[in-house]
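Trainee: have a look at this fold, sequence not included:
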């Protein structure tokens, strides 16, 4: 018994479709992986900057500066320009 030609064609189309979907899933996973890597680097950078900002703030509050404390707090914000939006 032989398989009809149309069944072979349907099988071929189904296989090609499955391969195309698998290729699309692979491309999407590569893009997602790259985006996640960039997000992780960005998060680590932000955590580092916030830690440094905390150290600067702690150093500023450990001194009795009197009236000049506002000037030094302004300096703290200027030394970390990427953090300006948080103040």
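Mentor: Received the coordinates, thanks. As the structure is a computational prediction, the values presented were derived from the model and not from experiment. Numbering: from 1, shown residues only.
Trainee: so which residues of the chain form strands?
Mentor: For the chain, applying DSSP state E gives no strands.
Trainee: where does the protein dip in pLDDT?
Mentor: 1, 61-87 (pLDDT under 70).
Trainee: repeat the analysis, applying 80 as the threshold.
Mentor: The chain contains residues with pLDDT under 80 at 1-3, 57-87.
Trainee: mind listing the helices in it by residue range?
Mentor: 5-61, 69-79 (DSSP state H).
Trainee: can I get those helices in a markdown table with mean neighbour count?
Mentor: All C-beta spots, glycine's among them, are computed from the backbone N, C-alpha and C. Shown next, in a markdown table, are the helices of the chain (neighbours: other C-beta atoms under 10 Å):
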| stretch | mean neighbour count |
| --- | --- |
| helix 5-61 | 11 |
| helix 69-79 | 12 |
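Trainee: ok, residue 15 to residue 9 distance?
Mentor: According to C-beta to C-beta, to the nearest Å, residue 15 stands 11 Å off from residue 9.
Trainee: cool, and residue 52?
Mentor: 65 Å.
Trainee: do the same with residue 51
Mentor: 63 Å.
Trainee: what of residue 55?
Mentor: With C-beta to C-beta as the criterion, residue 55 and residue 9 are 69 Å apart.
Trainee: likewise for residue 25?
Mentor: Distance from residue 25 to residue 9, by C-beta to C-beta: 25 Å.
Trainee: do residue 26 as well
Mentor: From residue 26 to residue 9 the distance is 26 Å (C-beta to C-beta).
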